[in-house]
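> Sharing a model prediction with you, sequence too.
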Amino acid sequence: MTDRMRAIDAAVTARVHAKIQAGRTQKLGIAHARLMADLGPGARPTELARRLGVTKAAVGQLVNVLESQGLVERAPDPADRRAQIVRPTSRAERLFQIGRQELDGIEDEWRHVLGAGRLKQLAVSLELLDRWRVGL
């Protein structure tokens, strides 16, 4: 079952990457595109690491590349000046929207394949597994 979960995640990531990369002259890696799709209006690096299932150091490397391309910026967290928030620049907003639309489209496809009830059950099951993961 874990092999299938990894394969599904890889397929989702590849589709998001292809959509974000389409028409860009500056290349983004798959992990960079996934971070862009999951960034939202901004998040702390630790939160991004949790969402992506990687280390904070890995997020730092991804953010460095995206920052050098003018796609994200680091700013002090207003709630805790010792912490930073990574947020998309205005230039990156369109990439985020493209990535989010692709993820939403994939969920619509899953709804078609599974039906609304089974998709809801899957969402509940994934939430429980995510709580298990965080508790490790």
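On my side now, so go ahead.
> where does the spatially closest residue to Ile30 that is not a sequence neighbour fall, phi/psi-wise?
Counting by C-beta to C-beta, 6 or more residues apart in numbering, His17 is the residue found nearest to Ile30 once chain neighbours are left out, at 4.5 Å. For the C-beta atoms, the positions are set from N, CA and C on the backbone; glycine is no exception. The phi/psi pair for His17 (degrees, to the nearest 10) reads phi -60, psi -50.
> my read: His17 touches Leu28, true?
Yes - counting by C-beta atoms under 8 Å, His17 touches Leu28, with 7.3 Å between them.
> what pLDDT does the residue nearest to Ile30 get?
His17 is assigned a pLDDT of 89 by the prediction.
> which residues does it contact?
28-30, 33-34 (C-beta atoms under 8 Å, 6 or more residues apart in numbering).
> So for the strand or helix carrying Arg4, what gets flagged as buried?
Applying DSSP states H and E as the criterion places Arg4 in helix 2-21. In terms of neighbour count (16 or more other C-beta atoms under 10 Å), helix 2-21 has its buried residues at 12-13, 15-17, 19-21.
> for stretch 41-60, same thing?
For stretch 41-60, by 16+ other C-beta under 10 Å, it's 42-45, 47-52, 54, 58-59.
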